[in-house]
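Asker: Provided below for reference: sequence and predicted model.
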Amino acid sequence: MLNEKTARGIGDARVEIAYETLGNPAYPAVLLITGLTARMDYWPAGFLQALLDRRLRVICFDNRDAGHSMHLDHPPSPDLLLARAGNHSSAFNNLSNMASDTVRILDFLGIDSAHVVGTSMGSAIAQVMALEYPGRVRSLTSMMPTAGDMSTRQMHSETKAALLEKEEITTRESSIERAVRTAPIIRSPAYPTAPAKLARVAGLARSQDNDQGAIGRQAVALIAPEDRVDKLGNIAIPTLIMHGPQDTVCNVSGGRATAAAIPGAEHVLIEGMGHDLAPGLWGSIADYIATMVYRSESVRFRRRRTAQRSYYALRHSRS
């Protein structure tokens, strides 16, 4: 479904970002931001189609250091242990410059503002985008989020052991085997994905993007920022928080903390959802996003009409 293009020389580091747009340009624009090292095809074709069916224009892209976007393998080498201890000297990327990339994509496409949807690390980028570029974000949907507080995003011990185990992933076959083996721990237990499909996606990712260092670079970027809880109180746009109680990667407490920190945020818990976009959830998630988008558009329209009436009433009173 995706037929990616490249936006060249954008952002603070003049990076090249691979992107794709889908749908009618007259429809509200929805910018999708993926998680840690995920490519834009993380978004399943069926999910994208569900958004298009709801009269939305979709923009997908590969974050810097992922997929076909520019990989910034500059020194220093990422050091996760130092970063967790509070020393961020090895962070070449950070959430602010990744958020800057998203804004430059909108500039490149001639879009003044968009409805922003982020998942996992992408939800952190989306939050920073809303904080640092409030005029460019019409609504914020944060899926599987955290608020930057390390105490509320702890990974389940079994998941941590599975994801952080020291094993050599040197071949396409070992990548596929690991993806299939860890799926029951990470993914939505009520909506399992067939092993054959997992193997196909993992094999494609391995063949098209095999930069092992990018994992560390993006992970340090995610760890490096300070707690965002106090700053999130400054977000004044319609906000939706979506999380699954069965998410063992980003604990559901992270979603609760994010929803509590953003004034007026709507908080939705989807039973049976883990840390993925399972096919059985595509329709309901698309419904939540579309409802948020069109509710926000309605609010913007009413405010614009009120401002216009006030302007004309003032002119009439002076004439």
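Answerer: Received, thanks.
Asker: where does pLDDT dip in the stretch 101-250 of the chain?
Answerer: 149-154, 157, 159-170, 203-227 (pLDDT under 70).
Asker: go with 90
Answerer: Along the stretch 101-250 of the chain, the parts satisfying pLDDT under 90 run over 121, 146-187, 189-230, 248-250.
Asker: so who does residue 57 touch?
Answerer: 21, 22, 23, 24, 25, 26, 27, 28, 29, 30 (CB atoms under 8 Å, 6 or more residues apart in numbering). Glycine gets a C-beta too; all of them are placed from N, C-alpha and C.
Asker: need phi/psi at residue 198.
Answerer: As for residue 198, its main-chain torsions (degrees, to the nearest 10) stand at phi -60, psi -40.
Asker: equivalent analysis for residue 20, please.
Answerer: Backbone torsions for residue 20, taken as degrees, to the nearest 10, come to phi -150, psi 150.
Asker: I'd say it and residue 39 touch.
Answerer: No. Checked against CB atoms under 8 Å, the pair residue 20 and residue 39 is beyond contact range at 11.1 Å.
Asker: those two - which one has more neighbours?
Answerer: Using other CB atoms under 10 Å as the criterion, residue 20 and residue 39 rank with residue 39 on top: 23 against 19.
Asker: wouldn't the more buried one be in contact with residue 66 here?
Answerer: Yes. Using CB under 8 Å, residue 39 makes contact with residue 66 at a distance of 5.9 Å.
Asker: what's the distance between residue 191 and residue 281?
Answerer: 6 Å (CB to CB, to the nearest Å).
Asker: anything in contact with each of these two?
Answerer: residue 273.
Asker: more crowded one of these two?
Answerer: residue 281 (22 against 19).
Asker: what segments of the stretch 1-150 of the chain are helices?
Answerer: For the stretch 1-150 of the chain, the helices defined by DSSP state H, counting those that start in this stretch cover 45-53, 80-84, 95-109, 121-132.
Asker: pick the most buried one from these.
Answerer: helix 121-132 (a mean of 25; mean count of other CB atoms under 10 Å).
Asker: list the helices and strands that helix packs on?
Answerer: Helix 121-132 sits against strand 29-33, helix 95-109, strand 114-119, strand 137-143, helix 212-223, helix 229-232, with contacts defined as 3 or more CB pairs under 8 Å, 6 or more residues apart in numbering; DSSP states H and E.
Asker: how does it look with 10 Å?
Answerer: strand 29-33, helix 95-109, strand 114-119, strand 137-143, helix 212-223, helix 229-232, strand 239-243, helix 252-261 (3 or more CB pairs under 10 Å, 6 or more residues apart in numbering; DSSP states H and E).
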